[in-house]
Every structure is written in structure tokens, then in C-alpha cells.
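Engineer: turn this into a structure:
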Amino acid sequence: MAKNSAKDIEVKAFATHHVITQPNPLRKVLRRVEEKDMDDPVGRAEQALASLSGEFKDWMAVEVQRLSTAWTAVQKDGFTKKLRDELFHAAHDIKGDAATFGFASAAGIAESLCRIIEHAPDLEKVPAELFTHHINAILAIVHENTRLDSLSVSAELSRRLRKVADDYLANVNRDRPEHLEVILAPSIAPVE
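Structural biologist: Okay, here's the model as predicted:
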């Protein structure tokens, strides 16, 4: 990530509150918050989320396309460092932000996929179906806009994929105890 120069950083004063901002796509969402509204954190959060939802309505579709494209390239060219990193970063970005956009099950599945990429000793030996099932599940959840209506199905899918991934990783890392502690740790992804 490139460092911003001092001229790119601004300090904005909101009443008596100061916010340091850097150029980013959220800039137009920043606006003056009246002093009377500063005591309503829930209202401010709802207002901010409403503003952001329009700005990022296609974010998940773009991210799952990035994940799918990375997986297609891996299937074609194998796990080069560049493709491994791209697949990992696409899954990691989904893991980190999917719950914010209402796709908590996709976040859990992306976390499971990240764990496979991080902890499998040889990615070329991981059954391709394990990757494919994770990626297809994320695609289905996002493309079908699976949020609250089919929560139990997507949550169960996430739970089962995590179990299969954990069982696989525990088996292939049985001689690598330094990995087992991390593999057997509970999920950090949000639960529905």
C-alpha cells in the first residue's frame, strides 16, 4: 500500500470533534455531524450504514468474481506464488467484510478457505473439490443474495465446510504440531 504524503491527509473539524481523513472512496460519505447528533451513536451508525450501502451495493459481487477468477487461474496454471496470494487475498477480503454487508455465512466459508490456503503443507495435494466447494458456496450465497431468508441452510453449509477443512488440515498436519494449535482453534468469523 502506498504511503500518502502529508498533503493528502486532511483534518476535518466536526463541531468540537476532529477526524483525520485520507483520500478514499468513503470521502463523499463523510459529512458534518451536528453537535446535537453526537449523543446518538446508534442513529449515527444507522445513518452511516445507509449511506454506505448505496456506495458498496456491488462490492460482494465484485469480490466473489475476483475469488472465482483467481481459482480459475489456479486450475489452469497451478499454485504459483502470485496465484496463491491472489486466491488468499480474495478469500481474506471476503472473510473480513462479508458479515458487514449481511453475508456472515460467506465470511465463515471464506475463513475456512483461508485456513486451507495458509495451513495445507502442499496446496497442489489438496483435493480440488475442497476449494471448489468453498468457492461455489460463497458464490451461491452472494449470487442468491442469501441473507436472513435462508440463514439456517447457509450457516449449516458454512459449519460443514469448516469441519471438512479442519479434518483435512488436522490430517495433513499431524506431523506439524505448530500448525495443529491454530487449525484446532475456534473460528473467528461472525456466527449467524
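Engineer: now this protein, which segments are flagged as low pLDDT?
Structural biologist: 1-57, 145-151, 187-192 (pLDDT under 70).
Engineer: all strands for it, in order.
Structural biologist: 10-14, 17-21 (DSSP state E).
Engineer: so how far is residue 170 from residue 67?
Structural biologist: Distance, residue 67 to residue 170, by CB to CB, to the nearest Å: 25 Å. In short, each C-beta sits where N, CA and C put it, glycine included.
Engineer: and for residue 109?
Structural biologist: Going from residue 109 to residue 170 by CB to CB gives 18 Å.
Engineer: most residues in a single helix of this structure, which one?
Structural biologist: Longest helix in the chain by number of residues, with DSSP state H as the criterion: helix 151-172.
Engineer: what are the boundaries of the helices in the chain?
Structural biologist: Using DSSP H, helices in the chain cover 41-55, 59-77, 81-97, 104-119, 128-143, 151-172, 177-183.
Engineer: mean neighbour count for the ones you listed - can I get that in a markdown table?
Structural biologist: As requested, these are exported to a markdown table (neighbours: other CB atoms under 10 Å):
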| stretch | mean neighbour count |
| --- | --- |
| helix 41-55 | 12 |
| helix 59-77 | 16 |
| helix 81-97 | 18 |
| helix 104-119 | 25 |
| helix 128-143 | 19 |
| helix 151-172 | 17 |
| helix 177-183 | 13 |
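Engineer: now for residue 137: which residues touch it?
Structural biologist: Residues near residue 137 by CB atoms under 8 Å, 6 or more residues apart in numbering: 106, 109, 154, 157-158, 161.
Engineer: right, I mislabeled it, should have said residue 96
Structural biologist: Contacts of residue 96 (CB under 8 Å, 6+ apart): residue 107.
Engineer: and what of residue 88?
Structural biologist: By CB under 8 Å, 6+ apart, the contact list for residue 88 reads 114, 117-118.
Engineer: now those in a markdown table, with distance to residue 78?
Structural biologist: Shown next, in a markdown table, are the contacts of residue 88 (distance: CB to CB, whole Å):
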| residue | distance to residue 78 |
| --- | --- |
| 114 | 19 |
| 117 | 14 |
| 118 | 18 |
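Engineer: which member of those residues is positioned nearest residue 176?
Structural biologist: Proximity to residue 176 was ranked across the contacts of residue 88 by CB to CB; first place goes to residue 118, at 12.3 Å.
Engineer: that closest one and residue 96, how far apart?
Structural biologist: Distance of residue 118 to residue 96, given as CB to CB: 14 Å.
Engineer: ok, back up a step: just the closest of the contacts of residue 88 to residue 125, please.
Structural biologist: For the contacts of residue 88, the nearest to residue 125 is residue 117 (13.0 Å; CB to CB).
Engineer: quick check: that closest one touching residue 87?
Structural biologist: Yes - counting by CB atoms under 8 Å, residue 117 does reach residue 87; the two are 6.3 Å apart.
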